[in-house]
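1. Take this sequence and fold it.
(one chain, ligands or ions: 1)
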Amino acid sequence: MTETQFLPDSYTQQPEQGSVSWKSPSNIALIKYWGKYGEQLPQNASVSFTLSNCFTETKLSYASKDSKGYDFEVYLDGQREPGFEPKILQFFERVENYLAFLQNYSFRIETSNSFPHSSGIASSASGMSALALCLMDMERSMSGAEMTDDFFNHKASFLARLGSGSACRSIEGPLVVWGEHPVIDGSSNLFGIKYPLDVHENFNNYQDTILLVDKGEKQVSSTIGHGLMQDHPYAERRFATANSNLSKLRLVFGNGDMDAFIEIVESEALQLHAMMMTSLPYFILMKPNTLEIINRIWQYRKQTGSKICFTLDAGANVHVLYPEAEMTDVSSFIQSNLAQFCKNGSYINDHAGLGASRL
Ligand code: DP6
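-> Take a look at the predicted model:
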């Protein structure tokens, strides 16, 4: 499959004005995307749980105009946010070929997140996917031809990827694979697909409690971090390991082997941070409390036989993952043992969800 499948047909109608709204969730990777090439293409395949309670809602209002050029304004929680506009401009430039109407409209993008902006939870996955879905929705209403749901979702994911790589995994759920992989039929570097195989009931409604360890701005952005994987001494080995971990995880999703799941997921999180620590320049995003939490999770698992585990994204926060059956026990463990290591004791209870929805 190539990009050309997403080039637009001619539009049969172009409305004068209107608006469209979408709600799109964040996601948490189990196999990590870290390293890219070309235009937002991943160096290895990744897989994530789509989340549910952490989401962005975006309303895209549009009015047709005669002049050429991009014209848009971005609002966060009702306030104009010029700081977001360079990233949106870059996104518009990247998707221009695939959405031929972009320069024909003035846009007002109104967005809000369910999680606090300063929580350290990246809003790029939910934000870029919500915007991509609004634009796709506009395109669908303009094109005369029938558009299948699969095409709609894949092109929305393809567009979201051009805004932020991990955003392409937020359209569907509860598990999404992004990146070509020999054991996942239909997988593509261009867009995320819903995990196509049967998944053991152990993973139904999987829980993710996000411990907000550090709410500060990231010291090193993901985009810079990805860049440091070029010329990284361990890059090739890392990409190969991620792909082989996905092969192993495929078996685990089938047989429900929780110990194997824990080993793969925690190893992926630590490898991600090991790549950061061995980049040049090197950097550390974990905080002392991140390590304290990890040690306490290990201790709790050893003492109780729980199937709790952790993963990390590009920051200090810890995602605590556990089966739904353990919800009561793990909730009290988090409250009594882990909350003290969070900024202001704050954390967010989330769980795997089914993806984005139109509002
Ligand atoms: C550590 O998708 O934020 O969360 O493509 O440059 O926007 P860009 O990067 P981004 O990287 C996310 C990296 C990660 C791992 C993951 O989600 O797979």
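2. which residues in the protein form strands?
-> 17-31, 36-37, 41-42, 46-64, 71-76, 79-80, 105-113, 175-178, 192-194, 207-211, 309-312, 318-322, 347-351, 357-358 (DSSP state E).
3. what residue ranges in this protein score low on pLDDT?
-> 1, 118, 216-218 (pLDDT under 70).
4. got the residue ranges for the helices in it?
-> 85-95, 124-142, 149-163, 222-227, 235-255, 258-277, 288-304, 327-333 (DSSP state H).
5. For the residue lying closest to residue 80 once chain neighbours are set aside, list the residues it contacts.
-> Excluding its sequence neighbours, the residue lying closest to residue 80 (Cβ to Cβ, 6 or more residues apart in numbering) is residue 73, at 6.4 Å. Where you see a C-beta, it was placed from the backbone N, CA and C, and this is true even at glycine. By Cβ atoms under 8 Å, 6 or more residues apart in numbering, the contact set of residue 73 is 80, 85, 107, 108, 109.
6. what's around the second one, how many residues?
-> A total of 15 residues lie near residue 85 under the criterion other Cβ atoms under 10 Å.
7. what's the answer for the fourth one, then?
-> As a burial measure, residue 108 scores 15 neighbours (other Cβ under 10 Å).
8. Residue 167 versus that one, what's the distance?
-> Noted for residue 108: a distance of 21 Å to residue 167, by Cβ to Cβ, to the nearest Å.
9. Ok, the second one next?
-> Spatial separation of residue 85 from residue 167 under the definition Cβ to Cβ is 17 Å.
10. Tell me which of the helices of the chain lies nearest to the ligand.
-> Closest approach to the ligand among the helices of the chain is made by helix 222-227 (3.5 Å; Cβ to the nearest ligand atom).
11. Output the closest one in PDB with nothing but the alpha carbons.
-> Extracted C-alpha coordinates of helix 222-227, given in PDB (Å, rounded to 0.1, in the frame of the first residue of the first chain):
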ATOM      1  CA  SER A 222       9.600  13.400  21.700                       C
ATOM      2  CA  THR A 223      10.500  14.800  18.300                       C
ATOM      3  CA  ILE A 224      14.000  15.600  19.400                       C
ATOM      4  CA  GLY A 225      14.300  12.200  21.200                       C
ATOM      5  CA  HIS A 226      13.300  10.400  18.000                       C
ATOM      6  CA  GLY A 227      15.900  12.400  16.100                       C
END
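12. what residues does that helix touch?
-> Here helix 222-227 has contacts from 34, 35, 36, 122, 124, 164, 165, 166, 276, 279, 283, 314, using Cβ under 8 Å, 6+ apart.
13. and the gap between the last one and the ligand?
-> Okay, so that is residue 314. 4 Å (Cβ to the nearest ligand atom, to the nearest Å).
14. now that we have the contacts of helix 222-227, which one has the most neighbours?
-> residue 166 (29 neighbours).
15. Excluding chain neighbours, what is closest to that residue?
-> Closest to residue 166 by Cβ to Cβ, 6+ apart is residue 125, at 4.7 Å.
16. and if you look at residue 131?
-> In this structure, residue 131 finds its nearest non-sequential neighbour in residue 58, 5.5 Å apart by Cβ to Cβ, 6+ apart.
17. Good, we can wrap up now.
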